[in-house]
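**Q** sequence first, predicted model second:
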Amino acid sequence: MAAGIIIGGGILFGAARWYEHYQLRKTLEAIQAQTKAAAEATQRRLAAERARREAVEEKKRQDEAEQQRAAAEAAFAQQREQQRREDAWARFYKRPESCVQPVNSAVFTECANEHIRAKRRFEELWAAGKL
């Protein structure tokens, strides 16, 4: 009988150890599954954040490119307008022969005054859109 108690105790002890091992393995599997799920969720979140940052950067690059294009167009339009104005002035004002090489200061002064009057008249006409 003592042998039966010892054998029964050994079987019970072995069963308890096996059950503990089984429970530890199940717990470890559950922890590993949770860890894997958390890692995958983190990866998805990081990928979404990276995609969002890339979209923001792309939008920023597009906005900068649009601003540069608009600035270039504005500069080109300003250059065209300046050239148009210079061409209109060249058509409007022809320096008199006597002013090409003024012979004295009185002629020089009169030529300068004539140039100033012509320039003022040109500016008035230009502002009014008549040129």
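**A** Nice, I can see it.
**Q** got the phi and psi for Tyr93?
**A** Phi and psi for Tyr93, reported as degrees, to the nearest 10, are phi -110, psi 120.
**Q** try the one 3 residues further on
**A** Main-chain dihedrals, Pro96, degrees, to the nearest 10: phi -60, psi 150.
**Q** and it, what pLDDT?
**A** If you check Pro96, the pLDDT there is 88.
**Q** do Ala2 as well
**A** So Ala2 comes in at 74 (pLDDT).
**Q** kindly report the same for the one 4 residues further on.
**A** Among the per-residue scores, Ile6 shows a pLDDT of 80.
**Q** what about it, neighbour count?
**A** 10 (other C-beta atoms under 10 Å). (C-beta placed from N, C-alpha, C; glycine too.)
**Q** for Phe122, same thing?
**A** That count, for Phe122 with other C-beta under 10 Å as the rule, works out to 17.
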